[in-house]
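Chemist: build the 3D model from these lines:
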Amino acid sequence: MRGQPPPTTGPVAAPYRVEEAYRELGTAVLGYALRRAASREDALDVVAETFATAWRRRDDLPDADDEVRPWLFGIARLCLANATRSTLRSGRLGERLAAAMAGEAVPDPAEVHAGRADRQRVRAALEELSAEDRELVTLVAWEGPTPAQAATALGVAPGTARVRLHRARTRLRAVLSSTEEADRAL
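Modeler: Sure thing, here's the model as predicted:
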């Protein structure tokens, strides 16, 4: 294909025609979008979407050169409408979220970070337990059943579950205490 002029008709010509339309009419479509969009960034997005759509619909590209510009403006108009709807939906979502969170205190980032560090320490300490003990401790602590109910869920005798739970909690406290002491030493 190198050195040969691009085809002017047929399905192979469509990609070349879209490229040509972009080179010749890209600035005009940008101007159209800039005059109608809420921001420069929105206008640039509309132009990108317009030519992406034109590429996908390249077989629909009008044959007459004087019809290409209005065809692209029609696509741009629809892209602008989509962008406007998206902005409105986003704004309504933000309002609903703000209303849902009204009255709720915004968490202090330092508290969030400290909570995250505590959770990481607890998870690391849980990893020190056997898989069975870890399952028993987390089941009782996170899901809330009694030790007897947890025993049923795990298929062990209630007395066995109570003893294992007591021993696992003791080991967990010991691991957490040693990590606290190591953190204070730093």
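Chemist: helices of this structure, start to end?
Modeler: 13-36, 40-56, 65-101, 109-127, 131-138, 147-154, 158-185 (DSSP state H).
Chemist: these: lowest mean pLDDT?
Modeler: Among these, helix 109-127 carries the lowest mean pLDDT, a mean of 82.
Chemist: just to revisit the earlier point, could the helices of the chain be laid out in CSV, adding mean neighbour count?
Modeler: For the C-beta atoms, the positions are set from N, CA and C on the backbone; glycine is no exception. Below are the helices of the chain laid out as CSV (neighbours: other CB atoms under 10 Å):
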stretch, mean neighbour count
helix 13-36, 16
helix 40-56, 17
helix 65-101, 13
helix 109-127, 12
helix 131-138, 17
helix 147-154, 16
helix 158-185, 14
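Chemist: I'd say Ala37 and Val47 touch.
Modeler: No. Between Ala37 and Val47 there is no contact under CB atoms under 8 Å: 9.4 Å.
Chemist: center of the chain, which residue is that?
Modeler: By CA atoms, centre = their mean, the chain has its centre lying nearest to Ser90, at 14.5 Å.
Chemist: how near is that one to Glu41?
Modeler: Distance, Ser90 to Glu41, by CB to CB, to the nearest Å: 14 Å.
Chemist: Ile75 now?
Modeler: 19 Å.
Chemist: before we move on, what about Leu72?
Modeler: 20 Å.
Chemist: same thing with Ala81?
Modeler: Using CB to CB, Ala81 is found at 17 Å from Glu41.
Chemist: give me the neighbour count for Gly144.
Modeler: 9 (other CB atoms under 10 Å).
Chemist: for it, phi and psi?
Modeler: phi 90, psi 10 (degrees, to the nearest 10).
Chemist: just use 437 as the starting number from now, easier for me
Modeler: Fine by me, first position is 437 from now on; the one you just mentioned is Gly580.
Chemist: can you name the farthest residue from the center of this structure?
Modeler: Max radial position in the chain (CA atoms, centre = their mean) goes to Gly595, at 46.4 Å.
Chemist: so how far is Ala584 from it?
Modeler: On the measure of CB to CB, Gly595 and Ala584 end up 9 Å apart.
Chemist: domains of this structure?
Modeler: The chain breaks down by automatic domain parsing into domains covering 449-537, 545-621.
Chemist: for Ser566, give me its contacts.
Modeler: Shown here is Ser566, which makes no contacts under the criterion CB atoms under 8 Å, 6 or more residues apart in numbering.
Chemist: separation between it and Glu579?
Modeler: 19 Å.
Chemist: also Arg505?
Modeler: Applying CB to CB to Arg505 and Glu579 gives a distance of 65 Å.
Chemist: before we move on, what about Glu460?
Modeler: Noted for Glu460: a distance of 66 Å to Glu579, by CB to CB.
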